[in-house]
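Visitor: Structure for this input, please:
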Amino acid sequence: MPPSRRYRICETPDPVLTVDVDADLNQEVVYLLIANKLQNYDCGKSRIVYIGRTERGVKRISESAADKIAQALDHDFLKLKAYVIWCNPEEGEKASLPNMLERTILLRFEQIFGQLPLLNKRGFKLGDEGKYFTGNAIDKIIDRHSSTRRKVADELEKER
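Guide: Sure thing, here's the model as predicted:
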């Protein structure tokens, strides 16, 4: 006996998840979750809503994005994109560069925007991590996903 009702099939117009072939599935990396809308911070606007680090590569990033998108309605954004950032240590170097990179980006974001990204719960105190990375490289990463960053950075430089 055929069903009394036919069901409508739905599909999202855009992919829910896209994984780049450049992404190493097991490499320890830092990642940014970027909202589709600019978010207001104390000292400017940015699409960056989360900065994280994982030792489990792309698998953990997808889990994190799925968890964070549940908070989207509270902050008025509907989509998240994940961007991966990494650095390769010199041979024989034992420092946890991804950990230091995450801490450096979080600290710089907080210096620029006056607070942590919306979905980050806590920040870090920076030790000597800053000496491993140039501030210009960190600023370029943040600039790429922000709107009023340059104005804020200029004001910070004037204060020094």
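
Visitor: quick one, longest strand in the chain?
Guide: strand 29-41 (DSSP state E).

Visitor: so what's the spatially most central residue of the chain closest to, chain neighbours aside?
Guide: Note on the chain: the residue nearest the mean C-alpha position is residue 32, at 1.4 Å, using CA atoms, centre = their mean. Counting by CB to CB, 6 or more residues apart in numbering, residue 32 lies nearest to residue 83, which is 4.7 Å off, once chain neighbours are set aside. Just so you know, the C-beta spots here come from the backbone N, C-alpha and C atoms, and that holds for glycine as well.

Visitor: where are the low-confidence patches of the chain?
Guide: Along the chain, segments meeting pLDDT under 70 span 1-2, 19-26, 73, 94-95, 123-131, 148-160.

Visitor: sorry, back to before: so how far is residue 65 from the residue nearest to residue 32?
Guide: Going from residue 83 to residue 65 by CB to CB, to the nearest Å gives 11 Å.

Visitor: More neighbours: the two, which one.
Guide: residue 65 (19 against 15; other CB atoms under 10 Å).

Visitor: Is that one part of a helix or strand, or is it coil?
Guide: helix (DSSP: H, G, I helix; E, B strand; the rest coil).

Visitor: swap in residue 16?
Guide: Three-state call for residue 16 (three-state DSSP): coil.

Visitor: and the residue nearest to the centre of the chain, bridged to which residues?
Guide: residue 51, residue 83 (DSSP bridges).

Visitor: give me every residue that touches it.
Guide: 48, 50, 51, 82, 83, 85, 105, 141, 145 (CB atoms under 8 Å, 6 or more residues apart in numbering).
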